[in-house]
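> fold the stuff below for me.
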Amino acid sequence: MSNVEAAPVETRCGSVVDGGEPGRPARSAHVDVLTPRDVPLGGPRAMTVRRTLPQRARTLIGAWCFADHYGPDDVTRTGGMDVAPHPHTGLQTVSWLFSGEIEHRDSLGSHAYVRPGELNLMTGGHGISHTEVSTPRTTVLHGVQLWVALPGEHRGAARDFQHHVPTPVRLDGAEVRVFLGALAGDTSPVRTFTPLLGAEITMEPHTALTLAVDPGFEHGVLVDHGDVRVAETPLHPAELGYVHPGTDSLTLVNESDDAARLVLLGGPCFEEEIVMWWNFIGRSHEDIVRARADWENASDRFGAVEGYPGDRLPAPALPNATIAPRKNPTGH
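Presented below is the predicted three-dimensional model:
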């Protein structure tokens, strides 16, 4: 998905290691609640997404650097999703749906569909471009779009596209679909450049679930629907609970009379500073300026997307300032 804000904020981000050091005893979960902001995805009938990453309180969770949560949207009212060809650098896009269907095309030549319970992961290291359009079969569009920052040694990685359908793991009162990393005895075969965890968890009403997790990871619990308690912290729909590293288990409680659904993200603290602007991730202001110029000049760097009946997205104007450093908060 493109970040189609007309004036995207240019951000320098760095994650600070906070607990979970080798030899340090695991501790109980400490949870910060992050609330989303609404971002319209362009046009008079814009589909609105709820963005929880990045924000002032937290810019990364592991290498997860961007989280949009959208729907359920009646596409007859919102127009659905129609994102023209746009570029990416220095990241992987992770598409995960709860309902609906999205047609994906990219400059690698991939033509695939994003469907509920199926992972599409696209790597745009040195540069890639793609489109995302909800299909005519879609009546309700609902899901998450996530980005993963590539580490410095791999930020020029070649274009790639992977598709995976995880087998549901059924637990007492819950079901887990592991689309990245390992959880609940299941491991995703999808390749990533840093250790990551990504899973959808559904829970029956008034059930509790305790999951063993890596104490070296920080975690994010994004609630889609239901009222969920993480440790002793309540989370409501669209909120993201940030769990500091250093805990070896997460206890989730669905306090709702209905089923609850959440997305669990995780990874070790990403210690590199990154620069995010529009759809680009780099390490300096100059990286962003170069990527924007390459896109505007139709450089071979991003290739071309075939099969989209329209023009590609122009890049927004650059801000009249260089980057001011911004890091995740330190301490607990």
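
> now do the helices in this structure.
Here the chain has its helices, by DSSP state H, at 75-78, 285-296.

> now do the last one: distance to the chain's middle.
Helix 285-296 sits 23 Å away from the centroid of its parent chain (Cα atoms, centre = their mean, to the nearest Å).

> need the per-residue pLDDT for the residue nearest to residue 73 when sequence neighbours are not counted.
Setting aside the residues directly before and after it, residue 73 is nearest to residue 141 in space (Cβ to Cβ, 6 or more residues apart in numbering), at 4.8 Å. In this view, the C-beta of every residue, glycine as well, is placed from N, C-alpha and C. Looking at residue 141, its pLDDT reads 96.

> now swap in residue 24 and tell me
Confidence at residue 24, expressed as pLDDT, is 37.

> ok, back up a step: what separates the residue nearest to residue 73 from residue 216, distance-wise?
Using Cβ to Cβ, to the nearest Å, residue 141 is found at 36 Å from residue 216.

> neighbour count for these two, which is higher?
Between residue 141 and residue 216, counting by other Cβ atoms under 10 Å, residue 141 is the more crowded of the two (24 against 21).

> quick one: that one and residue 124, what's the gap?
Using Cβ to Cβ, residue 141 is found at 23 Å from residue 124.

> residue 167 too?
Distance of residue 167 to residue 124, given as Cβ to Cβ: 28 Å.

> the two: who's more crowded?
Shown here are residue 167 and residue 124; by other Cβ under 10 Å, residue 124 has more neighbours (29 against 9).

> the more buried one is in contact with residue 86, isn't it?
No - contact status for residue 124 versus residue 86: not in contact, 10.3 Å apart, counting by Cβ atoms under 8 Å.

> any common contacting residues for these two?
residue 130 (Cβ atoms under 8 Å, 6 or more residues apart in numbering).

> measure the nearest residue to residue 78 once chain neighbours are set aside to residue 38 for me?
Distances taken as Cβ to Cβ, 6+ apart put residue 47 closest to residue 78, at 4.5 Å, once the chain neighbours are dropped. For residue 47, the distance to residue 38 (Cβ to Cβ) stands at 11 Å.

> please enumerate the strands of the stretch 51-200 of the chain.
64-74, 82-88, 91-99, 102-106, 111-114, 119-124, 128-134, 140-149, 160-164, 169-171, 174-180, 182-183, 186-187, 197-203 (DSSP state E, counting those that start in this stretch).

> packing partners for the first one?
So that's strand 64-74. In terms of contacts (3 or more Cβ pairs under 8 Å, 6 or more residues apart in numbering; DSSP states H and E), strand 64-74 is packed against strand 48-53, strand 91-99, strand 140-149, strand 217-225, strand 260-268, strand 273-277.

> ok, now which ones touch the residue positioned nearest the centre of the chain?
Geometric centre of the chain, nearest residue: residue 146, 1.6 Å, by Cα atoms, centre = their mean. Taking Cβ under 8 Å, 6+ apart, we find residue 146 in contact with 64, 66, 67, 68, 93, 94, 95, 96, 198, 265.

> partners of residue 145 in the sheet?
Going by DSSP bridges, residue 145 is paired in beta bridges with residue 68, residue 95.

> that one: neighbour count?
Neighbours of residue 145 under the rule other Cβ under 10 Å: 24.

> do the same with the one 3 residues further on
Residues near residue 148, counting by other Cβ under 10 Å, number 27.

> so it versus residue 321, what's the distance?
Applying Cβ to Cβ, the value for residue 148 to residue 321 is 27 Å.

> do the same with residue 191
Distance of residue 191 to residue 321, computed by Cβ to Cβ: 37 Å.

> same check, this time on residue 30
Plainly put, residue 30 is 35 Å away from residue 321 if you go by Cβ to Cβ.

> between the two, point out the one with more neighbours.
Each of residue 30 and residue 321 has its neighbours counted (other Cβ under 10 Å); residue 30 has more, 17 against 8.

> the residue nearest to that one when sequence neighbours are not counted: neighbouring residues, count only.
Using Cβ to Cβ, 6+ apart and skipping the chain neighbours, the partner closest in space to residue 30 is residue 244 (4.6 Å). By the criterion of other Cβ under 10 Å, residue 244 has 18 neighbours.

> these two touch, right, residue 244 and residue 220?
No - using Cβ under 8 Å, residue 244 is not in contact with residue 220; the gap is 10.9 Å.
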